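Undergrad: here are the coordinates; sequence isn't available:
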């Protein structure tokens with residue numbers, strides 16, 4: 001009987017003899033090559049994750065309940081001075097927003113009450129990836145935020161509120177990030193932030209919250225990939241962050257068989 005025909009794992013087209021001899025599983029078309037590369041990269045990341053979980057487990061962490069695995073997006077941590085140009089841009093945006101009634105409504109409750117306190121260690125590990133959106137939304141200081149400050153300061157004007165927020169800007173902030181985003185978090189107290197800043201919770205944070213509601217002692221391995229590189233890794237347990245070191249980058253691992 002003739003041998004079973006081998007086909008491309010991505011487009012199902014028949015593989016020619018040379019391709020089969022080379023041991024390839026794809027036909028060589030651009031889209032199929034990209035798909036094969038993506039599969040290898042995914043398998044390598046899975047191998048890195050397995051090593052991280054294994055390392056965390058070997059330290060004696062929750063042997064009967066292995067650590068959960070969470071993934072974070074990389075966040076810029078480079079700092080730069082808050083420039084006069086940024087101050088001027090925020091001033092103009094806040095004035096325009098107040099006059100035109102700009103609002104960034106966001107449903108929900110403050111994440112400080114919505115998730116266990118220990119889960120917020122994840123935000124420290126992340127570095128404020130979600131806060132970066134404040135750069136293009138003028139720190140989310142809108143008509144509601146300014147009106148709320150005025151209500152707490154009877155007799156004050158919108159301009160007074162704007163000047164108050166300008167005075168809260170730090171000397172140094174995350175480059176290309178929100179004007180209030182510093183190396184240690186937001187420069188504004190929670191009661192002065194926009195609702196979206198207090199209420200938003202990323203999927204990783206919600207996942208960690210669910211785990212901790214079920215088991216407050218449940219640990220989680222948190223990996224932050226940056227393209228083909230592993231930016232950082234840590235073990236989170238009961239609000240404590242323990243860096244996981246000596247993990248390879250995916251590219252340093254052999255091609256999965």
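TA: Perfect, I can see it now. Small disclaimer: the values here were computed from a predicted structure and weren't measured.
Undergrad: Tell me how many other residues crowd residue 72.
TA: Neighbourhood size, residue 72 [other C-beta atoms under 10 Å]: 22. Bear in mind the C-beta positions are built from the backbone N, C-alpha and C, glycine included.
Undergrad: could you show me where the helices are in the protein, in order?
TA: For the chain, the helices defined by DSSP state H occupy 17-21, 30-58, 84-100, 111-114, 121-126, 143-152, 158-167, 195-199, 203-214.
Undergrad: and of those, who's closest to residue 256?
TA: helix 30-58 (4.0 Å; C-beta to C-beta).
Undergrad: and that closest one, what does it pack onto?
TA: Contacts defined by 3 or more C-beta pairs under 8 Å, 6 or more residues apart in numbering; DSSP states H and E place helix 30-58 against strand 68-71, strand 220-226, strand 229-237.
Undergrad: what about 6 Å?
TA: Other elements packing on helix 30-58 under the criterion 3 or more C-beta pairs under 6 Å, 6 or more residues apart in numbering; DSSP states H and E are strand 220-226.
Undergrad: Neighbouring strands - and their directions - for the strand it packs on?
TA: Paired strands of strand 220-226, with direction, are strand 68-71 (parallel), strand 229-237 (antiparallel) (DSSP bridges).
Undergrad: In TSV: the ones you listed, plus mean pLDDT.
TA: Converted to TSV, these look like this (pLDDT from 0 to 100):
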stretch	mean pLDDT
strand 68-71	96
strand 229-237	95
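Undergrad: Go through these and pick out the most buried.
TA: strand 229-237 (a mean of 20; mean count of other C-beta atoms under 10 Å).
Undergrad: That one to helix 30-58, inter-axis angle?
TA: On the basis of axes from the mean of the first three to the mean of the last three C-alpha atoms, to 10 degrees, strand 229-237 is oriented at 30 degrees to helix 30-58.
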